[in-house]
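**Student:** sequence first, then the predicted structure:
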Amino acid sequence: MKHLMTALSGLALAGAMTTAVSADITVGGKNFTEQQILSNMTTQYLEGLGYDVQNRSGMGSAVLRQAQENGQIDLYWEYTGTSLINYNDVTERLSPEETYARVKELDAAKGLVWLEPSHANNTYALAMREQDAEDRGIATLSGLAQAVNDGVDLTFALNAEFYAREDGWRPLQEAYDFSVGRSDVKRMDSGLVYPALRDGDVEVGLVFATDGRIPAFDFRVLEDDQGYFPAYALTPVVRQETLEENPELADQMNNLSALLDDATMAALNARVDVERKNIEDVAQAFLEDNELL
């Protein structure tokens, strides 16, 4: 019996190894909704193009990056600011174009290729209720600063990290030349900012630009017209070896990247987080709507 179990275990292991080796492309993803949508979408898209794809989503950011550097992950969607700050320890303030160019150069030395960035930039943003912003005539952060300086009564909801960090609330006010008193700032968990803004407990809230609750709650994201917030452009990153083995992959992934922007990602996130739709179905519908599947 013991020999039989050993033989069966060996067959199972061999089968698992065969499955791993036969996968042409291993797609990774992080452990939150946006990343799970993208990894699933990429998997379905590449399978439709004839690739044999293995999907390994749900990983932590640092673990996923290390797995790609080690050759365990061929392709995943990364944010330019994450690579710049977290993986390459660059702290200087750069424009979106400079950020992309810098991470492309730095990561090339590690065998990683940044393809064309999408127009989805999942960075910090300040948002208002759409009708309130319209009534007050506020569309940009400069317009918000002007309203504060004109004495308009506005209350802000921020998470504690952004309020305290060296590149957060205080330097934002300095960059846009306005000042908000402590009594007009409510500090709370990020997840509580959205209902507080929706329910009228505050007039302005700190959000993430592609969060699904922005369209679901009818928020207006104020334009960062002076480019204060760091760039976190969502971009497919592929191992150089993988591109050499699959030379058409770059153009194929760039075609998908070109379809994504803040509004699109927020809508996709909302279908999962707000409407409670299945991730696979949301990804498939997007691909079909754009004739990629």
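**Tutor:** Done, it's in.

**Student:** ok, residue 245 to residue 59 distance?
**Tutor:** Going from residue 245 to residue 59 by C-beta to C-beta, to the nearest Å gives 23 Å. The C-beta positions use only the backbone N, C-alpha and C, and glycine is treated the same way.

**Student:** over to residue 159?
**Tutor:** Residue 159 is 24 Å from residue 59, by C-beta to C-beta.

**Student:** equivalent analysis for residue 104, please.
**Tutor:** 23 Å.

**Student:** which residue ranges of this structure form strands?
**Tutor:** Ranges of strands in the chain, per DSSP state E, are 25-30, 53-59, 75-79, 112-114, 124-129, 156-158, 185-187, 204-208, 219-221, 234-239.

**Student:** okay, those strands in CSV with mean neighbour count and distance to residue 44 next?
**Tutor:** Below are the strands of the chain laid out as CSV (neighbours: other C-beta atoms under 10 Å; distance: least, C-beta to C-beta, whole Å):
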stretch, mean neighbour count, distance to residue 44
strand 25-30, 24, 10
strand 53-59, 19, 8
strand 75-79, 26, 14
strand 112-114, 20, 22
strand 124-129, 22, 29
strand 156-158, 23, 37
strand 185-187, 16, 41
strand 204-208, 25, 25
strand 219-221, 21, 29
strand 234-239, 23, 15
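
**Student:** of all the ones you listed, which lies closest to residue 270?
**Tutor:** Nearest to residue 270, of all the strands of the chain, is strand 219-221, at 11.3 Å by C-beta to C-beta.

**Student:** got a list of contacts for the closest one?
**Tutor:** With C-beta atoms under 8 Å, 6 or more residues apart in numbering as the test, strand 219-221 has contacts from 125-130, 133-134, 139, 197-198, 205, 207, 209, 213-214, 262.

**Student:** pull the helix or strand with minimum mean pLDDT from the protein.
**Tutor:** The helix or strand of the chain with the lowest confidence, counting by mean pLDDT, DSSP states H and E, is helix 2-22 at a mean of 38.

**Student:** quick one, phi psi at the residue sitting nearest the centre point of the chain?
**Tutor:** Compute the mean C-alpha point of the chain, and by C-alpha atoms, centre = their mean the closest residue is residue 122, 4.7 Å away. As for residue 122, its main-chain torsions (degrees, to the nearest 10) stand at phi -80, psi 70.

**Student:** wait, doesn't it sit right on residue 234?
**Tutor:** Yes. With contact defined as C-beta atoms under 8 Å, residue 122 counts as touching residue 234 (6.2 Å).

**Student:** which parts of the stretch 151-293 of the chain are helices?
**Tutor:** Under the criterion DSSP state H, counting those that start in this stretch, the stretch 151-293 of the chain contains helices at 160-164, 169-176, 190-198, 213-216, 240-245, 249-257, 262-273, 279-289.
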